[in-house]
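>>> What shape does this take:
(chains A and B)
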Amino acid sequence: MKNVLQRTVPEGFKAFAGSNAYKNFKRRTIAEKHTGKGFISLKSVSDMFDKLGIKDGMTLSFHHHLRNGDFVLNMVAEEIKRRGLKNMKLAPSSIFPNNKILVELIENGNVTDIYTDYANGPVAEAISKGKLKGLCVMHTHGGRPLAIESGDLHIDVAILAVPAVDKEGNGTGTAGNSACGSLGYAVSDLKYADKVVLVTDTIIDKAENPQLEGKYVDYVLKVDAIGDPSGIVSGTTKITKDPVGLKIARDAAKLLDELGMIKDGLSMQTGAGGTSLAVAYYVREFMLEKGIKGSFASGGITGYFTDMLEEGLFDELYDVQCFDLKAVQSIGKNKAHHAMSGSRYANPYDDNVVDKLDFVILGATEIDLDFNVNVTTDSHGTIMGGSGGHSDTAHGAKITVITTNLVKSRLPIIKEKVTTITTPGEDVDVLVTERGIAVNPRRKDLLEKLQGSKLPIVPIEQLLETAHKITGVPEKPEFSDKPVGVVVYRDGTVIDTIYKVR
Amino acid sequence: MKRGIAGSLESNDALITVKESDKLEITIKSVVYDFFHKQIEKTIRDTLSELGIDKISVVCEDKGALDFTVRARLITAVKRMEASK
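Alright, predicted model coming up:
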């Protein structure tokens, strides 16, 4: 079966029918699972497996707030391996290079199915090589909460790393050695998993304003350390120093200004890549120069945004995940810096934040002549990322701007067709590169506003031609026809299939 | 045996090593092999024929260099080979 973008949909999955198709369906939710009777303390990971009866074929879920410093998923993986459990299904909200122990579990059939929003490193490569028995199902950050609350992704046990837990089982990310700030991606797992275990290294008397409510918690396991704080903070949250990246960012900010988006009450989000953050820097310059005050910024929050909050440039920050230490500190002290759940952030059926965004700045591994964007695989088809909130914010924001170099290591970023579609072109409005800016022809309103602009606005086909003049026309690599994964759009439909690499 | 090296293994560059040989041997390793190995080979062959060389061993370790970079690195590697003892 093919979907509306002419991409193949494997049997048993629903086909993507456009980014607004979810409006034709009603929200379905299973009942929240309160315990209502306090929690039981566990002695060890092994004790957890015994008490909860964790056995072959179960689905265990995790969040990725400790990023590349997480110990908890790996502890559970070790125990699965030690016990020789089979056919386990894992649902971590993201997979990082430090989770490489999963490769062995995948090869040995301990783990046969994976549900995640993002995968990078050895596990992603193993999946691309076809080692996983089942398909890797890749959700978006907004689609994952929807899959969980609807019961489509049923979780037997949610095993949630929490930096600090109080005596009533309330969990917070703002205290403890591995403080990571917001725990937004854990909230749906907490509410809807059959059983919930909080794993922590810090017990406190009372959590102020806890993001994870104790009434949902069945068990608490105290361990020596849930993570390595140095691996929690991402390496990408610095403004680029590359002059090409800075030019792209400056042009993107100028473009937003010409489109009248830099105005009182503006709301925005950027990715955490160096060029995206540089756009925030230039937007800030415009705001200071013109005395403009925005309403909110959202997303994975970085120190650049907490600075802007403290400077009074935004009224509020909505934070699903803190990207750096400054953001972690800010969320603990600034009342206007709110933690939000993944559902509140981007679930299409929730009163979500992405729908209120004026503009979002995002990256792309590839973009094609229809403005479809790939951030899931590289050009060889190997998984190296995933939507995260890419397609959620692209759909919600009034204007979606992609910033990228036209060419990276000889590869033109513009393709006739992207290798894998993550975000549909109908939700992508502008592409800003160092050699020119292309506006999606669907956005006649934007093209009209930009008439007479001094910015180098050209058709995307011309940018492709420019890229090919620089690099030569790349040959088309051959792909196998064996699926290893599916890219699930935020509404639960399949927007593309990921194939085994040769 | 005479040998010449030019370039680097930085992104967007290529490291080219040439050696005297009694036949033409071209080896290409590239991060964009699937997309550009034919073009890289063509650039190497064209540059060699401009230099009037038909017997040489060329190893190109490419990190996404554009054609003019490959060409420049090759010419320099050949000059260095010829200057070596």
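
>>> any idea how far the residue of chain B found nearest chain A is from B:Val70?
Of all residues in chain B, B:Gly64 sits closest to chain A, at 2.8 Å by C-beta to the nearest C-beta. Every residue, glycine included, has its C-beta placed from N, CA and C. Counting by C-beta to C-beta, to the nearest Å, the gap from B:Gly64 to B:Val70 is 11 Å.

>>> These two: who's more crowded?
Higher neighbour count among B:Gly64 and B:Val70: B:Val70, with 26 against 21, using other C-beta atoms under 10 Å in any protein chain shown.

>>> Residues contacting the helix or strand harbouring A:Asp50, please?
Using DSSP states H and E, A:Asp50 maps to helix A:45-52. Contact with helix A:45-52 is made by A:40, A:42, A:54, A:75-76, A:78-79, A:83, A:157, A:159, A:195, A:197, A:219, A:221, A:223, as judged by C-beta atoms under 8 Å, 6 or more residues apart in numbering or on different chains.

>>> residues touching the nearest residue to A:Val354 once chain neighbours are set aside, list them.
Among residues not flanking A:Val354 along the chain, A:Gly396 sits closest, at 2.9 Å (C-beta to C-beta, 6 or more residues apart in numbering or on different chains). Neighbouring residues of A:Gly396 by C-beta under 8 Å, 6+ apart: A:346, A:352-357, A:360.

>>> gap between the residue nearest to A:Glu213 when sequence neighbours are not counted and A:Lys51?
Closest residue to A:Glu213 apart from its sequence neighbours, by C-beta to C-beta, 6+ apart: A:Asn170 at 6.1 Å. Distance of A:Asn170 to A:Lys51, computed by C-beta to C-beta: 21 Å.

>>> So these two - more neighbours on which side?
Shown here are A:Asn170 and A:Lys51; by other C-beta under 10 Å, A:Asn170 has more neighbours (23 against 16).

>>> related to what we said a few turns ago, can you show me the CA trace of the helix holding A:Asp50 as PDB?
Listed in PDB are the C-alpha atoms of helix A:45-52, where the atom choice follows Å, rounded to 0.1, in the frame of the first residue of the first chain:
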ATOM      1  CA  VAL A  45      17.000  -4.200  39.600                       C
ATOM      2  CA  SER A  46      16.700  -8.000  40.100                       C
ATOM      3  CA  ASP A  47      14.200  -7.500  42.900                       C
ATOM      4  CA  MET A  48      12.200  -5.300  40.400                       C
ATOM      5  CA  PHE A  49      12.100  -8.100  37.800                       C
ATOM      6  CA  ASP A  50      11.000 -10.500  40.500                       C
ATOM      7  CA  LYS A  51       8.300  -8.400  42.200                       C
ATOM      8  CA  LEU A  52       6.900  -7.100  38.900                       C
END
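
>>> What's the first helix or strand after that helix?
strand A:59-62.

>>> Who does that following strand pair with, and is each partner parallel or antiparallel?
strand A:88-92 (parallel), strand A:157-161 (parallel) (DSSP bridges).

>>> Residues in contact with it: which ones?
Here strand A:59-62 makes contact (C-beta under 8 Å, 6+ apart) with A:54, A:70, A:72-73, A:76, A:88-93, A:113, A:115, A:148, A:153-161, A:189, A:193.

>>> in the helix or strand where A:Lys81 lies, what counts as buried?
Using DSSP H and E, A:Lys81 sits in helix A:72-83. Neighbour-count burial for helix A:72-83, counted by 16 or more other C-beta atoms under 10 Å in any protein chain shown, picks out A:72-73, A:75-77, A:79-81.

>>> Ok, stretch A:108-115 next?
A:110-115.

>>> and of those residues, the nearest to chain B?
A:Ile114 (26.3 Å).

>>> Is that closest one bridged to anything, and to what?
Beta bridges link A:Ile114 to A:Leu90, A:Cys136 when assigned by DSSP bridges.

>>> Does the helix or strand containing B:Gln39 reach chain A?
Following DSSP H and E, one finds B:Gln39 within helix B:33-50. Yes: using C-beta under 8 Å from any C-beta of the partner chain, we find that helix B:33-50 touches chain A at B:34-36, B:38-39.

>>> Help me confirm that A:Thr382 comes into contact with A:Ser128.
Yes: in terms of C-beta atoms under 8 Å, A:Thr382 counts as a neighbour of A:Ser128; the distance is 4.4 Å.

>>> For A:His139, see how far away the residue lying closest to A:Ala339 once chain neighbours are set aside is.
Closest residue in space to A:Ala339, ignoring its immediate chain neighbours: A:Ser182 at 4.0 Å, by C-beta to C-beta, 6+ apart. To A:His139, A:Ser182 is 19 Å away according to C-beta to C-beta.

>>> what does the helix holding B:Gln39 contact?
A:379-380, A:410-411, A:471-472, A:474-475, A:477, B:24, B:26, B:28, B:30, B:54, B:56, B:58, B:60, B:62, B:67, B:70-71, B:74-75.

>>> go with 6 Å
A:472, A:474-475, A:477, B:26, B:28, B:30, B:58, B:67, B:70-71, B:74 (C-beta atoms under 6 Å, 6 or more residues apart in numbering or on different chains).

>>> Write a PyMOL command that selects only the buried members of the residues you listed.
Remark: buried members of these, expressed as a PyMOL selection using 16+ other C-beta under 10 Å:
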select buried, (chain A and resi 472+474) or (chain B and resi 28+30+58+67+70+71+74)
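
>>> Please identify which of the contacts of helix B:33-50 is nearest to A:Gly18.
Checking the contacts of helix B:33-50 against A:Gly18 with C-beta to C-beta, the nearest one is A:Pro477 at 29.0 Å.

>>> Spatially nearest residue to the closest one (excluding sequence neighbours)?
B:Asp34 (4.1 Å).

>>> what's the answer for A:Lys14, then?
A:Thr493 (4.5 Å).

>>> Also B:Arg80?
B:Gly4 is the one closest to B:Arg80 (C-beta to C-beta, 6+ apart), at 3.4 Å.

>>> Spell out which parts of chain A neighbour chain B.
Residues of chain A lying near chain B by C-beta under 6 Å from any C-beta of the partner chain: A:409-411, A:472, A:474-475, A:477.

>>> same thing but at 7 Å, please
When proximity is defined as C-beta under 7 Å from any C-beta of the partner chain, chain A approaches chain B at A:380, A:409-411, A:470-472, A:474-475, A:477.

>>> Which of the residues you listed fall in strands?
Among the residues of chain A next to chain B, DSSP state E puts A:Leu411 in strands.

>>> Chain B: which of the residues of chain A next to chain B is nearest?
Looking across the residues of chain A next to chain B and measuring by C-beta to the nearest C-beta, the closest to chain B is A:Ser409, at 2.8 Å.

>>> Dihedrals phi and psi, that closest one?
phi 40, psi 60 (degrees, to the nearest 10).

>>> now swap in the one 10 residues further on and tell me
Backbone torsions for A:Thr419, taken as degrees, to the nearest 10, come to phi -60, psi -50.

>>> is it true that it touches A:Ser379?
Yes: between A:Thr419 and A:Ser379 a contact is recorded at 5.6 Å, counting by C-beta atoms under 7 Å.
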